[in-house]
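Q: Model the structure of this input:
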Amino acid sequence: MTTPLLRVDELTVSFSLGRWWRRDDSVFALDKVSFELQPGEIFGVMGRNGCGKTTLLRVLAGATQATSGRVEELAPKPLSKALLSIGFGFDRYLTGRENALLSAMLQGQSRGNAEAMLDSIKEFSELGRFFDQPVYRYSSGMRSKLGFATAMTLDVDLLLIDETLSVGDVGFRDKAKRSMQEQMKKSRAVVFVSHQASQVRQICNQAIWLEQGTVRAAGSTGEVAEQYEAFMQDQKRGAPTASSSQE
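A: The predicted model follows:
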């Protein structure tokens with residue numbers, strides 16, 4: 001039996017709303033989420049906006065601390081990781097070039113290697129003269145292009161991808177998709193997040209469906225996507241959810 005690359009065990013992330021007069025004012029972004037990531041696997045996480053998908057990726061990347069539970073790396077050596085998210089970690093007052101440099105260095109590149117990547121990042125991002133402008137002048141599409149271009153230059157063990165295939169113009173989306181598929185082949189494993197079941201179906205082997213921070217379904221991508229899509233259809237028709245019917 002293959003040893004998992006990564007094991008997530010009852011991962012919980014909660015925060016308080018700060019209402020001192022109530023004992024039950026904690027909100028759970030993730031509630032006892034568990035799964036295993038196999039070597040070479042493209043693992044999907046699907047769910048509606050606000051269900052905990054991005055929080056899960058940030059915990060896996062080490063950018064957010066869990067309240068309880070654990071993420072256990074089972075590889076012989078620590079995994080190098082890259083979180084591909086729209087503008088995540090960018091300083092809005094630094095230029096695109098400066099942010100790309102810092103991002104590459106934070107992912108483990110030496111300054112020399114990071115500087116050598118900048119021309120490639122600029123070309124891929126299609127930002128032109130805006131590459132040397134402060135990020136606060138960027139549109140959301142421009143920030144996503146910068147984030148994607150930076151992440152695609154990195155050679156990592158674990159690639160964490162957050163809702164990136166629906167940003168930018170059509171030409172850039174096609175180029176980004178091809179580049180991401182190539183990067184997936186080089187990475188030891190991929191966790192791909194999307195609110196669109198169709199995207200997860202296309203590229204993932206196994207998947208989970210998150211709803212209000214909990215795992216509602218897990219297993220083969222087709223089976224999980226079918227349950228998620230049925231749930232979403234019920235929502236459009238106004239049918240009560242399992243949680244609301246118990247209230």
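Q: Quick check: pLDDT value at the spatially most central residue of the chain.
A: By CA atoms, centre = their mean, the chain has its centre lying nearest to Asp162, at 3.0 Å. pLDDT, Asp162: 83.
Q: So it sits against Val193, correct?
A: Yes. Between Asp162 and Val193 a contact is recorded at 4.9 Å, counting by CB atoms under 8 Å. Heads up, the C-betas are built off the backbone N, CA and C, glycines and all.
Q: tell me, what's touching these two both at once?
A: Counting by CB atoms under 8 Å, 6 or more residues apart in numbering, the common neighbours of Asp162 and Val193 are Lys53, Thr54, Leu57.
Q: With secondary structure added, can I get the residues you listed in CSV?
A: As requested, the shared contacts of Asp162 and Val193 are exported to CSV (DSSP: H, G, I helix; E, B strand; the rest coil):
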residue, secondary structure
Lys53, helix
Thr54, helix
Leu57, helix
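Q: tell me which of those residues is nearest to Arg143?
A: Thr54 (15.2 Å; CB to CB).
Q: Now the nearest residue to the closest one once chain neighbours are set aside. Its backbone dihedrals?
A: Residue nearest to Thr54 in three dimensions, not counting chain neighbours: Asp162, with 5.7 Å by CB to CB, 6 or more residues apart in numbering. The phi and psi values for Asp162, taken as degrees, to the nearest 10, are phi -120, psi 100.
Q: ok, Asp162 to Gln133 distance?
A: Taking CB to CB, to the nearest Å as the measure, Asp162 falls 24 Å from Gln133.
Q: With Lys185 instead?
A: Lys185 sits 34 Å away from Gln133, going by CB to CB.
Q: what about the two, which has more around it?
A: Counted by other CB atoms under 10 Å, Lys185 and Gln133 do not tie: Gln133 has more neighbours, with 15 against 10.
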